[in-house]
Structures are given as C-alpha cells and as structure tokens.
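In: Need coordinates for the following:
(one chain, ligands or ions: 2)
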Amino acid sequence: MSQRWHEQEHSEGRGSAGNEQWQSAGEEGHSSTRPNRESGELIWQQRLHKMLQNAEQNLPDGALTAGYKADPQEIIALLKRAQASEWASFLQYWHHYFMASDIHSAEVKDVFKEHAEDELEHARFFGERIQQLGGVPCDSPEEITRLTPTPTEYNHDLRSMMEADLVGERQTIDFYDEIIRTCGFDDNVTRKILEHIIEEEAKHADDWATLLYAYDGSTGKQIESIHDEISQMLKSTTQGAGRMRRTA
Ligand SMILES: [Fe+2]
Ligand SMILES: [Fe+2]
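Out: Numbers count the residues shown, from 1 in each chain. Ligands and ions are numbered 1, 2, ... in the order given. Down below sits the predicted model:
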C-alpha cells in the first residue's frame, strides 16, 4: 500500500505542499475517492516521526541506527576476518614483489605491487566499517594471524607465487560472497562495501589466471607470443587487465 501511494504521489508531481492541499480536501469529505493515499500518508508520517524519535536517542552510536536490522556483533566478527585477510594478502603481495627479482619477473613484479596497494585500501574500508558498527578493527599482528582465513604463502619461484595469489583471491571471493549473503538487505552499507571490493578481487583473480597462462610451467619463462599483452596489462587499469584473459 505504501509503495502504491509513493508512486501515485510522484506521478502527480506533488511535494509536501501538495499533500497538505489533498489532506484539506479529505477533511472536506473527498477522502473516500483516494483511501490508499490517505492511509499511506498517515503511515509514512508515523514512520518518519518514529525514525526522528529513534535518531534523537543513543547519539554516540553514530551510523549504527535503530533501523539497523543485522546482528552487529556477527557482522563485526566477519569483517574482522575479512580485514585480517586483507592485511595478510597485502603482506603476501609485498613479499612477492620483493622476491620477484629475476629477469623473467620484471613485468609481473609491478602487478604484485599494484595488488598490494588495492589490498591496503580494502583493509582500510573494512576497518572504517568495523569502527562505524562499534567494533575494534583487526590491526594487531597476533589477531591478523589468528583470524585470517588465507594462509600466507612464502614460496619464491614466480609461478608458485602467482598460483598462491590466485588461490587466495579465489578463496576471498567465496568468503565475501558469503558475507554479502549474510548482510542481505539488513546491512546495506556493509553489503555495498563488499560488492565494491569483491569486484576488485575478481579482477585480481582474473589477472593471475591470465599471467599464469603467460608463463611456461616447466621453465618459468614468459611465453614470448603474448609479451605485448602483458605489457598492455601493466599499462592499463586493473579493469582493463581483467578483460584480457585468454580462454585457450
Ligand atoms: Fe582485497
Ligand atoms: Fe585481491
């Protein structure tokens, strides 16, 4: 009923002044022609008044309002694991950046660095949301080690490093999908943050799938025929790189 009322109001192009005009007409005996609109207006007046009353309470809660439908402790716990995963991924990418030092690693080295910078941003997004919900971000080394769902990989040949990063990204995608489903429409802010981040993780995974194809598994050397594609990937945005994956 409220949705119908809402659509009716917009189709008639009226703002609040129009409502007042209509209400006056209803009081003069015309309300029987538009009963849904009258009750819809009343419902929304009551709802908005209640929202105002709620907003005036518990001011220190900030962005955590009375209308929040999820379990904040559950969401905070999940976000702390997600943030731990981002910190671990950030460290792993930097480690791989430092260790990718031979002649064949020159171009891939920069991809490790770019991804590390993305993971740092993701850790920041999660930390800010945890704080908004009243939690304490996961920032201590002990807590990161305990909570990260992705074990850190310290193999140092190029192919092993790329495979480890691809596995990590793929696990992260599944983990964030689960958190998104948990949020549903009960925590829209967290869901939107995750929707943005999971899109970037998918591009990361796609980058590694492409780069693994570009390297000979037995020698670790770059396949020359797609040298130009890799160079282009490194020059383009991450989004552009995601579109370059080969399937054959
Ligand atoms: Fe990330
Ligand atoms: Fe990632």
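In: Contact residues of this protein facing ligand 2?
Out: Neighbours of ligand 2 within the chain, by CB under 5 Å from the ion: 169, 201, 204. The way it works is simple: take the backbone N, C-alpha and C, and place the C-beta from them, glycine included.
In: Please identify which of those residues is nearest to residue 67.
Out: Lowest distance from residue 67 to those (CB to CB) belongs to residue 201, with 29.4 Å.
In: Please name the residues that touch the closest one.
Out: Contacts of residue 201 were listed using CB atoms under 8 Å, 6 or more residues apart in numbering, and they are 169, 172, 173, 176.
In: need the contact list for the first one.
Out: Neighbour list for residue 169: 201, 202, 204, 205, 208 [criterion: CB under 8 Å, 6+ apart].
In: Would you mind listing the buried residues in whichever strand or helix holds it?
Out: Assigned by DSSP states H and E, residue 169 belongs to helix 158-183. Using 16 or more other CB atoms under 10 Å as the burial criterion, the residues of helix 158-183 that qualify are 158-159, 161-166, 168-173, 175-176, 179-180, 182-183.
In: ok, is that helix in contact with ligand 1 or not?
Out: No. Using CB under 5 Å from the ion, helix 158-183 never reaches ligand 1; the gap is at least 6.2 Å.
In: and after that helix, which helix or strand comes next?
Out: Using DSSP H and E, the helix or strand that follows helix 158-183 towards the C-terminus is helix 188-213.
In: Could you check how many residues crowd around residue 121?
Out: 14 (other CB atoms under 10 Å).
In: Would you mind getting the angle between the strand or helix carrying residue 88 and helix 188-213?
Out: Taking DSSP H and E as the criterion, the element that holds residue 88 is helix 72-99. Between helix 72-99 and helix 188-213, the angle comes out at 30 degrees (axes from the mean of the first three to the mean of the last three CA atoms, to 10 degrees).
In: ok now do the closest residue to residue 143 other than its chain neighbours, which residues does it touch?
Out: In space, and not counting its chain neighbours, residue 143 is closest to residue 84: 6.7 Å by CB to CB, 6 or more residues apart in numbering. Going by CB under 8 Å, 6+ apart, residue 84 touches 138, 143, 144, 145, 146, 147, 148, 149.
In: if you set the cut-off to 7 Å instead, what comes out?
Out: 138, 143, 144, 147, 148 (CB atoms under 7 Å, 6 or more residues apart in numbering).
In: and the gap between the most centrally placed residue in the chain and residue 94?
Out: Central residue of the chain (CA atoms, centre = their mean): residue 194, 1.9 Å from the mean position. Distance from residue 194 to residue 94, counting by CB to CB, to the nearest Å: 24 Å.
In: hmm, back to that, just the residues of the chain next to ligand 2 now: which is nearest ligand 1?
Out: Comparing those against ligand 1 with CB to the ion places residue 201 closest, at 5.4 Å.
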